[in-house]
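Undergrad: Return a 3D structure for these sequence lines:
(chains A and B, ligands or ions: 3)
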Protein chains: 2
Amino acid sequence: AAPPISDPMWGYFTAIAGQDGEIDAEELQTCLTQTGISGTYTPFSLETCRIMIAMLDRDMTGKMGFNEFKELFAALNGWKQNFIMFDQDKSGTVEPHEMFKAITSLGYTLSPHALNCIITRYSKNGRIFFDDYVACCVKLRALTENFRRRDALQQGTVTFQYDDFIMCTMTI
Amino acid sequence: AAPPISDPMWGYFTAIAGQDGEIDAEELQTCLTQTGISGTYTPFSLETCRIMIAMLDRDMTGKMGFNEFKELFAALNGWKQNFIMFDQDKSGTVEPHEMFKAITSLGYTLSPHALNCIITRYSKNGRIFFDDYVACCVKLRALTENFRRRDALQQGTVTFQYDDFIMCTMTI
Ligand SMILES: [Ca+2]
Ligand SMILES: [Ca+2]
Ligand SMILES: [Ca+2]
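TA: Ligands and ions are numbered 1, 2, ... in the order given. Below is the predicted model:
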């Protein structure tokens, strides 16, 4: 069923999704650019848009419907607020020590070593830009969800078969 | 020690690496473009270059030395031959059924379901371009290595702690 006409996201979405009611990574990039969510930051790269789709694409079609788009948009707004808050010197980038706090504030319990490795991976010249910050948050959320779904007793350990390990890490 | 002057890769590398003898993802992109390895294909994206560095960056500095660069270059040549071989209709892209065979030929034993999910993730409009093909090969190799290193008895299963799981999947 179509959502109420008053939903402002519906306009952005349908203009691009067309008849099938789903958007792929290129269309998501256009969609997000039009909503202006990146503000003064660089628009999202195609790779980050693919990661965003992969995070929510439970039926593995490589496409995203309207409900998933809204879910993504809400998550993006949260991460944007978080990014702005942790960019304390207002440089427009989050520096490693700020990123350390930002990831921790999202509720992930990781060792300093893991945090340092992650931060190095998403930095450019020692800074984390908004696009990479979002890519990092999306992957962290998706991989954590994949892990927890298999950790039924919440013991913090999961035994993976090779095939399952590759599938749930390669598709993010 | 410096390699023999006759090594043609040394010229490409040192011109860019400068004094520290290491290159980051932006420099790797320049380096690979200059070697002409992409041929008529689109040059490697920055994201793919970061994945390449992550694959070989055992000390997690985000940079690559000359020996790692040579190791990467050899792997890239292998993947390029593989790509050309499996692009049977010479369209310049590998289609899903061709990709299925290409991954299998690299020696990875994956279920059809896992293969389909992976192929969807690296496709654009139902085709796999060289840059994405390489990103896929690099990740597959790095994740498989991470898995096998923990699967000492080669049983095809690994029990991961959450922290270790996140570290070895987020940094690829
Ligand atoms: Ca800052
Ligand atoms: Ca290094
Ligand atoms: Ca082809």
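
Undergrad: Pull the contacting residues for the most centrally placed residue in chain A.
TA: Of all residues in chain A, the one closest to the mean position by C-alpha atoms, centre = their mean is residue A:138, 2.6 Å from it. For residue A:138, the residues meeting the contact criterion (C-beta atoms under 8 Å, 6 or more residues apart in numbering or on different chains) are A:48, A:51, A:52, A:55, A:75. C-betas here are computed from N, CA, C, even on glycine.

Undergrad: swap in residue A:144?
TA: Contacts were defined as C-beta under 8 Å, 6+ apart; by that measure residue A:144 touches A:108, B:162, B:166.

Undergrad: Please enumerate the strands of chain A.
TA: With DSSP state E, the ranges of strands along chain A come out as A:157-161.

Undergrad: Tell me which residue of it lies closest to ligand 1.
TA: Using C-beta to the ion, the point where chain A gets nearest to ligand 1 is residue A:91, with a distance of 3.7 Å.

Undergrad: Count the residues that sit near that residue.
TA: Residues contacting residue A:91 under the criterion other C-beta atoms under 10 Å in any protein chain shown number 10.

Undergrad: same check, this time on residue A:88
TA: Using other C-beta under 10 Å as the criterion, residue A:88 is surrounded by 12 other residues.

Undergrad: Residue A:127 now?
TA: Residues contacting residue A:127 under the criterion other C-beta under 10 Å number 17.

Undergrad: so it touches residue A:98, yeah?
TA: No - with contact defined as C-beta atoms under 8 Å, residue A:127 and residue A:98 do not form a contacting pair (9.6 Å).

Undergrad: what residues does stretch A:17-35 touch?
TA: By C-beta under 8 Å, 6+ apart, the list of residues contacting stretch A:17-35 from outside reads A:9, A:12-14, A:16, A:38, A:43-46, A:49-50, A:52-53, A:61-66, A:69, A:73, A:76, B:124-125.

Undergrad: for that stretch, how far is the first residue from the last?
TA: The stretch stretch A:17-35 measures 14 Å between its terminal residues, going by C-alpha to C-alpha, to the nearest Å.

Undergrad: Tell me the buried residues in that stretch?
TA: For stretch A:17-35, a neighbour-count test (16 or more other C-beta atoms under 10 Å in any protein chain shown) marks A:17, A:22, A:23, A:24, A:25, A:27, A:28, A:29, A:31, A:32, A:35 as buried.

Undergrad: cool, and stretch A:52-70?
TA: Residues of stretch A:52-70 classed as buried under the neighbour-count rule (16+ other C-beta under 10 Å) are A:52-57, A:62-66, A:68-69.

Undergrad: who's in contact with the closest residue to residue A:160 other than its chain neighbours?
TA: Counting by C-beta to C-beta, 6 or more residues apart in numbering or on different chains, residue A:160 lies nearest to residue B:158, which is 5.6 Å off, once chain neighbours are set aside. Residues touching residue B:158, when contacts are defined by C-beta under 8 Å, 6+ apart, comprise A:159, A:160, A:162, A:165, B:147, B:150, B:151.
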